[in-house]
Every structure is written in structure tokens, then in C-alpha cells.
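> Give the three-dimensional model of this entry:
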Amino acid sequence: MKILSIGWKDIQIFVRDRGGMITSFLLPMLFIVVFSYAFSGIASTDEVITLPVVNLDGGEVSAALIEGVNNVAGVETEMYDEADARARIEGEQLQYALFIPAGFSDGVAAGESMTLVLLSGPNADGANVEAMRTVVDGVSKDLSLQTQLLAGFRQMGQMMQASEAEGVFTSDLAVAQAQSQFERAKTAPLVGIEQKTPDAILQEREEFSAVGLSVPGATVLFVFVMASTTAMSLYSEKKTGTFRRLLAAPLAKAELLGGKMLPGFVIILVQIAVIFAASILLLPLIGLDRLYLGNDLLGLVLLSMLVALCSTSLGLLIAAIARTESQINGISVVAMWVMGAVSGAFVPTFFLGDFLGTIGKITPQYWAVSAYTAFFVRGQTLADVGTQMAILAGFTLVFFAIGLWRFKFE
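Coordinates of the predicted model:
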């Protein structure tokens, strides 16, 4: 009851702080709206879209297919080695790649049905993938029609030679033969295209969503801003001498600090719930996508609770190592904004490049954003984000342990 009493007092103080309320609930939604519109506009620019191609065939028909794609306005191909392309897709350096199978040219020439594969990764823009599939499908159908018409002409030539003596080959027969080739080209094209994701990437939900990318980053960014609030609350109690009175209560120091962390934990959970609810209910009203919460609501709740614990534990650590309010503010700026910038909280990590993307992995925000993105964008479950959850739990334990060890109650 003593711990709850301590926590309730801090919650009341926070609710009366208009600045804190705006920072925690209004600013995240502004970030989400701005970045969602920005991400939505990426696919609508007039820049040339590059289609990575892995040509395992090397024949004339595959060369004609590549040339046909390059002739489409706004599209150009770039050749890759198979192993390199697969590694880059799984590493989120490429969004997708077209794979032309070995024996493609010979198979098409022989009239066999051949399948192209458009392999997409976890960061693939659904609109661009569908555009590429449409382009390749159109070019491949032209190839199918061309090949089947040539085959039809050859058949007609053979029929003319065979029937020259009897004079049975007529114009009606030629038209019927050509018509049959047209119908076959429409109903059974020689070249088909199949869209896939690598087996190493579990991606049940493939649609690109600007909201699905912006909500995790904005949520995590402002959730960890609450660490500064927790740190300042702890410092204020120490500054006013409240801790000296609280130490007289029959509470262990860990319980006392837990009571001071409880308000931040509760406020963060409310903050997350409000952000998600607004992203579901309000964003569609201004023309943005509705937030998709994924397939595992229990996993999402557990992740949110762990993120809240990690943020409040970080607040305890900041309060333990800072000596003044200025130091708390300075450390908070680094912890929240600099770490947020390299962790994918502002923009997705595949925009940051290899160097910053690697640095971001040493921050808890990176793993929190990664886990939320797995739920929202790829529709994964708790079992799929075990690594992210374990690393977040590790950060939480380290923050709390060091904070408890270093915190001075006097």
C-alpha cells in the first residue's frame, strides 16, 4: 500500500503537468502523421525504380526479357549474383529481386511453361513490389505471345508444305491457327511470375504500410522520453529530502525505488494504448492507413510492458549517475534523441545505412522498434520476436541493477 501511495502521488503530479501530457500524448501523434505522409510519398516520386535481377539463364529469351523491362519508362535493371542478392534481401539492403531460372530460354523456345520468381524482403514496399510484378508480367506476356505466334507460323509453314500437293491449306485455316495461338497466349502463357519471400524471413503480412513503419518509431521514441520524467521525479524526491522520511518505512530500497518507478510504468502503458487507439481510429479520418496491430495481441501487450519497464529502469539509471538537474537533462538528450536517431525511431533502419544501422543495435530503442515492426508490418507473433524480447529484458535488468547499486538516497 505504501508503494501504491507513492505511485499515485506521482501520477497526480504528472496529470497536472500540461507540458508532460502534450509531450507524451500529442507529440507522438504529430510525429506519426508527419512521417506517415513522408513514407507514403516515397513510392510516388518520379525517380527511376531499380529492379535487381539474378539471371541464372544467360540465353536469348532472358536477354529479351531484361531488355523489355529496361524499355519500360521509369524502370531499369541491375544485375546481381544469386548469393549476393539473397543475402542483401534478408539483410534488408534490397527490397526485392527478380530471379530468372536456369534453362529459361530453352524452355520458352521449346514451348514449356516457365516461372520467374520475384523475391521480396521484410522491408519491401508493397506498392513497388506490385508495380515490379506488373511490369515483369506484362513484358513476359509479350514474350509468350511472340513465342507462341512464331510457333504458330512454323506450324502453318509445315502444314502448307504437307498440303501443297492436295491444296487443302486455306486462308480460313491460317486464321483459325493464329486465333488458337492468341487464345493459348492469354489462357496459358509460357512465362509466369511468382512472388515469394525467403524462407528465412517469416512475413505473413506483406502489404507496405507507412503507418506500420512510423508508429513503432514514434511510440518508442516518446516512451523513452518518459525515462527523463522518471529520473527527474527521483531527483526531486532526493532534493526535497522525502527519501529520508521514506527510508524510515519498513520497505527495502529496491521496493522504494520500484514504487517511484511504478507511475512511469503505468503512464507509459496508457501512453502506448492511446497512441495505438488513435492510430486505429483517427488516422483513417485524415487519409492515412489504419494501424494493423498484428496477429498476437497478447504478445503485443507483453512487449509493451517490457518496453515500459526498460524505459523506467533507464530513468532510474539516469537519476543514479546524475548529480544535478542539468546533468539529468543532458544525459536524457543523449539517451532519448541521439540513441533514438540511430535506432530507427525516427526513420526505418534500412534508410540509415550499414554504419548507423549497426550502431543502433547497441540501444534498447532499436530492439523495441524492431519488435513492434515485426508485429505491425510482418504480422509476426511473440515466438518470432524472442531475440528482441530477451535483449530488452537484458537492458532492463542491467539498468535497474546499476541504478539500484549507484543510487544515493541522501
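
> any weak-confidence spans in this protein?
1-25, 35, 38-48, 72-74, 125-127, 141-209, 241-251, 348-354, 357, 409-410 (pLDDT under 70).

> Break it down into its structural domains.
Using automatic domain parsing, the domain ranges for the chain come out as 2-40+208-406, 44-196.

> Deepest-packed of the ones you listed, please.
Of the domains of the chain, the one with the most neighbours on average (mean count of other CB atoms under 10 Å) is domain 2-40+208-406, at a mean of 19. For every residue, glycine as well, the C-beta is placed using N, CA and C.

> In three-state terms, label Ile362 for me.
coil (DSSP: H, G, I helix; E, B strand; the rest coil).

> what do you get for Val53?
strand.

> Pairing partners for it in the sheet, please.
Note on Val53: beta-bridge partners Met79, Leu98, judged by DSSP bridges.

> what's near enough to touch it?
66, 69, 77-80, 97-100 (CB atoms under 8 Å, 6 or more residues apart in numbering).

> Could you measure from it over to Val274?
Applying CB to CB, to the nearest Å, the value for Val53 to Val274 is 46 Å.

> likewise Leu397?
The separation that Leu397 has from Val274, given CB to CB, amounts to 28 Å.

> Residues contacting the helix or strand that contains Ala341, please?
Here Ala341 sits within helix 339-342, counting by DSSP states H and E. Here helix 339-342 makes contact (CB under 8 Å, 6+ apart) with 217, 220-221, 224, 346, 352, 356, 359-360, 363, 365-366.

> just stretch 318-331 next, same as before
Contacts for stretch 318-331 (CB under 8 Å, 6+ apart): 227-228, 230-232, 234-235, 238, 332, 335, 402-408.

> mind redoing it with 7 Å?
227-228, 231-232, 234-235, 332, 335, 402-403, 406-407 (CB atoms under 7 Å, 6 or more residues apart in numbering).

> ok, so of those residues, who is nearest Met305?
Distance to Met305 across the contacts of stretch 318-331 (CB to CB) is lowest for Ala227, with 15.6 Å.

> State the helix or strand in which that closest one lies.
According to DSSP H and E, Ala227 maps onto helix 210-240.

> Next: Val117.
Short version, using DSSP H and E: Val117 is in strand 114-120.

> so what does that strand touch, helix or strand wise?
Packing contacts for strand 114-120, counted by 3 or more CB pairs under 7 Å, 6 or more residues apart in numbering; DSSP states H and E, involve strand 96-100, helix 104-109, helix 126-163, strand 191-196.

> Recalculate using a threshold of 10 Å.
strand 49-55, helix 60-70, helix 82-90, strand 96-100, helix 104-109, helix 126-163, strand 191-196 (3 or more CB pairs under 10 Å, 6 or more residues apart in numbering; DSSP states H and E).

> Just want the angle from that strand to helix 60-70.
Relative orientation of strand 114-120 versus helix 60-70 (axes from the mean of the first three to the mean of the last three CA atoms, to 10 degrees): 40 degrees.

> report the angle between the axes of strand 114-120 and strand 96-100?
160 degrees.

> In CSV, list the C-alpha atoms belonging to strand 114-120.
This file holds the C-alpha atoms of strand 114-120, laid out as CSV (Å, rounded to 0.1, in the frame of the first residue of the first chain):
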residue,chain,number,x,y,z
MET,A,114,8.5,-21.3,-67.2
THR,A,115,8.2,-19.4,-63.9
LEU,A,116,10.0,-16.3,-62.9
VAL,A,117,10.4,-15.5,-59.2
LEU,A,118,10.1,-12.0,-57.7
LEU,A,119,11.7,-12.4,-54.2
SER,A,120,10.8,-9.7,-51.7
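
> Give the partner strands of that strand in its sheet and their orientations.
Short version: by DSSP bridges, strand 114-120 pairs with strand 96-100 (antiparallel), strand 191-196 (parallel).

> Appreciated, that's everything.
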